[in-house]
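**Student:** based on what follows, work out the 3D shape:
(one chain, ligands or ions: 1)
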Amino acid sequence: MNDTVDVLFISAHPDDTELSAGGTAAKFVKDGLRIGIVDLTRGEMGTRGTPQTRKREAASAAKALGAAFRQQLDFGDGNLQTGRAQELEIVEILRLRRPRIVITPYPDERHPDHARTGRVVTEASFYAGLKSLKTGLPAHRPQTVVYYLQNYMFPPTFVVDVTKTWKTKMRAVAAYKSQFHDPKSKEPATFIADPKFLDMIDARGKHFGALIGVAYGEAFITKQPPKLEDVIGAYSGREVS
Ligand SMILES: [Zn+2]
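**Tutor:** All right, here's what the predicted structure looks like:
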């Protein structure tokens with residue numbers, strides 16, 4: 001069995017990857033790359049649905065995106081723990097999956113679970129490369145950690161054109177039937193179950209798309225700039241503004 005992936009998404013809650021980077025995940029798969037998703041919690045603090053329904057929904061969302069695997073850890077939704085034990089759990093996953101790129105929340109985020117995820121994943125990605133840190137598996141350090149945007153907005157380092165995979169992303173989001181708007185649902189109303197929430201996701205995709213002159217985009221931040229081979233191509237289809 002091939003355990004390795006090209007790109008590993010590590011998020012706090014099931015649905016974070018889909019909402020912030022689902023179009024990019026689907027694009028990697030469309031381009032023939034292997035991706036995996038790790039959720040650090042089971043989303044057990046969600047107002048609607050149960051951890052069991054969320055687990056089923058997360059599995060079908062991963063399938064919609066074409067992920068090679070999805071794994072859920074139990075760091076504690078609503079009070080995500082990030083001590084050495086959790087760091088080492090992530091180190092072992094990174095050494096097994098050997099991703100070239102890790103994608104995770106930006107550490108400066110409104111929800112502390114997201115912020116903690118961004119921090120622990122960044123630190124574990126470094127430690128995973130230390131040969132003197134002995135675990136059961138050989139050391140591996142990803143090329144970089146890329147951050148997706150959630151509630152707080154920051155100027156992106158780059159925007160991915162996800163026009164061709166936007167529908168796939170929204171199919172994956174729709175797999176979380178218990179979480180998002182369903183006119184027939186008898187579950188309590190929440191911020192994300194309001195129809196305006198999915199309108200906002202659509203508007204954000206269009207906004208980031210407009211920044212690079214395409215229909216839909218997803219924005220990312222990195223601490224070091226990306227190497228651009230094709231500067232002209234990177235700005236194609238646009239005029240000075
Ligand atoms: Zn979340």
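
**Student:** pretty sure Asp3 contacts Arg97?
**Tutor:** Yes - counting by C-beta atoms under 8 Å, Asp3 touches Arg97, with 6.1 Å between them. Yep, even glycine has a C-beta here, placed from its N, CA and C like the rest.

**Student:** in terms of neighbours, single out the busier of those two.
**Tutor:** More crowded of Asp3 and Arg97, by other C-beta atoms under 10 Å: Arg97, with 24 against 14.

**Student:** from memory the more buried one sits against Phe9, does it?
**Tutor:** No - the pair Arg97 / Phe9 is not scored as a contact, 10.8 Å apart, by C-beta under 8 Å.

**Student:** show me where the protein has its strands.
**Tutor:** Along the chain, counting by DSSP state E, strands occupy 7-11, 35-39, 69-72, 101-105, 144-148, 158-161, 217-221.

**Student:** the fourth one: partners in the sheet, and parallel or antiparallel?
**Tutor:** Taking DSSP bridges as the criterion, strand 101-105 pairs within the sheet with strand 7-11 (parallel), strand 144-148 (parallel).

**Student:** next: the second one.
**Tutor:** For strand 35-39, the pairing partners within the sheet under DSSP bridges are strand 7-11 (parallel), strand 69-72 (parallel).

**Student:** residues from this protein in reach of the ion?
**Tutor:** Counting by C-beta under 5 Å from the ion, the chain comes close to the ion at Ala12, His13, Asp16.

**Student:** can you redo the strands of the chain as JSON lines with mean neighbour count, mean pLDDT and distance to Gln86?
**Tutor:** Listed next are the strands of the chain as JSON lines, based on neighbours: other C-beta atoms under 10 Å; pLDDT from 0 to 100; distance: least, C-beta to C-beta, whole Å:
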{"stretch": "strand 7-11", "mean neighbour count": "28", "mean pLDDT": "98", "distance to Gln86": "11"}
{"stretch": "strand 35-39", "mean neighbour count": "26", "mean pLDDT": "98", "distance to Gln86": "12"}
{"stretch": "strand 69-72", "mean neighbour count": "17", "mean pLDDT": "97", "distance to Gln86": "14"}
{"stretch": "strand 101-105", "mean neighbour count": "26", "mean pLDDT": "98", "distance to Gln86": "14"}
{"stretch": "strand 144-148", "mean neighbour count": "22", "mean pLDDT": "98", "distance to Gln86": "16"}
{"stretch": "strand 158-161", "mean neighbour count": "20", "mean pLDDT": "97", "distance to Gln86": "29"}
{"stretch": "strand 217-221", "mean neighbour count": "23", "mean pLDDT": "98", "distance to Gln86": "23"}
